[in-house]
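> Provided below for reference: sequence and predicted model.
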Amino acid sequence: GGRNTTHFSIIDNEGNRVAATLSINFPFGAGLVASGTGVLLNNEMDDFASAKNSANGYGLVGGDANAIAPEKRMLSSMTPTFVQDNERIAVLGTPGGSRIISMVLLATLDFAAGNSPESWVKVKRFHHQYIPNHILYEKQGLSTEEIISLQSLGHHLKQTYNYGNMQAVQLNKSTNTLSAASDHRGEGLAKIQQINE
């Protein structure tokens, strides 16, 4: 995941925050360019359930609640996120299709454990979305002991490629300092830039 979706995380010098995840869904979106604009149209309609219990292009199965209807938005896994505690504000997000929610949850738990943006973007990843009934994990995403334990409980596991491209920034409120990180799994840039007023 991540070739057709992007995310950026920003905190400016006034404390304004942006977490933006943008997607055209499939490679080349809908395969159509709006006449005279050069704008490639997305095919986010695939995120609706076109038929009950049928999978979309990425294998995510939807039900009646996600059926196509007028004035309705489709289910989306995009999860641009703000997290804060008494000392820190975090802005984070990632591409990755249905695995986005799992990746953001794992990074948020790492934030709650007191770790830095560099740690959040490096956290080992695994994902389960109910259907198909298996746990996806990236290489070294689970230890041998965890794999054996999960299998002994009857779980089906499937190793997959490294995925995601998390972008994260943190403001430490007590020191008024920023830190940022870009996921080594993808293509991105983490940059702290002073703005002269």
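Now that the structure is in, tell me what you want to look at.

> Now do residue 121 against residue 178, distance only.
Distance of residue 121 to residue 178, given as Cβ to Cβ, to the nearest Å: 15 Å. Any C-beta I mention is one placed from the backbone N, CA and C, and that applies to glycine too.

> Who has more neighbours out of these two?
Shown here are residue 121 and residue 178; by other Cβ atoms under 10 Å, residue 121 has more neighbours (26 against 18).

> what's the first-to-last distance across stretch 23-32?
15 Å (Cα to Cα, to the nearest Å).

> Which residues does the lengthiest helix in the chain contact?
Selection of the longest helix in the chain by residue count, based on DSSP state H, yields helix 100-112. Helix 100-112 has contacts (Cβ atoms under 8 Å, 6 or more residues apart in numbering) with 1, 21, 77-79, 81, 83, 85, 88, 90, 92-94, 96, 119-121, 123-128, 163-164, 166, 168, 170.

> Among these, which ones are in helices?
Short answer: the contacts of helix 100-112 in helices (DSSP H) are 119, 120, 121.

> Quick one: the strands in the chain, in order.
5-11, 17-23, 81-84, 88-93, 126-127, 135-138, 157-160, 167-172, 177-182 (DSSP state E).

> could the ones you listed go into a markdown table alongside mean pLDDT and distance to residue 145?
As requested, the strands of the chain are exported to a markdown table (pLDDT from 0 to 100; distance: least, Cβ to Cβ, whole Å):
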| stretch | mean pLDDT | distance to residue 145 |
| --- | --- | --- |
| strand 5-11 | 95 | 32 |
| strand 17-23 | 96 | 34 |
| strand 81-84 | 98 | 29 |
| strand 88-93 | 98 | 29 |
| strand 126-127 | 96 | 14 |
| strand 135-138 | 97 | 13 |
| strand 157-160 | 97 | 13 |
| strand 167-172 | 98 | 28 |
| strand 177-182 | 97 | 28 |
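
> Using a markdown table, please lay out those together with distance to residue 193.
Below are the strands of the chain laid out as a markdown table (distance: least, Cβ to Cβ, whole Å):
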| stretch | distance to residue 193 |
| --- | --- |
| strand 5-11 | 10 |
| strand 17-23 | 14 |
| strand 81-84 | 20 |
| strand 88-93 | 15 |
| strand 126-127 | 33 |
| strand 135-138 | 31 |
| strand 157-160 | 35 |
| strand 167-172 | 11 |
| strand 177-182 | 9 |
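
> Of these, which is nearest residue 32?
With distances scored as Cβ to Cβ, the stretch of those nearest to residue 32 is strand 17-23 (15.7 Å).

> hmm, who's touching stretch 167-179?
For stretch 167-179, contacts defined as Cβ under 8 Å, 6+ apart pick out 7-11, 15, 86-94, 107, 111, 116-118, 120-121, 180-183, 188, 190, 192.

> how does it look with 7 Å?
With Cβ atoms under 7 Å, 6 or more residues apart in numbering as the test, stretch 167-179 has contacts from 7-11, 87-94, 107, 116-117, 120-121, 180-183, 188, 192.
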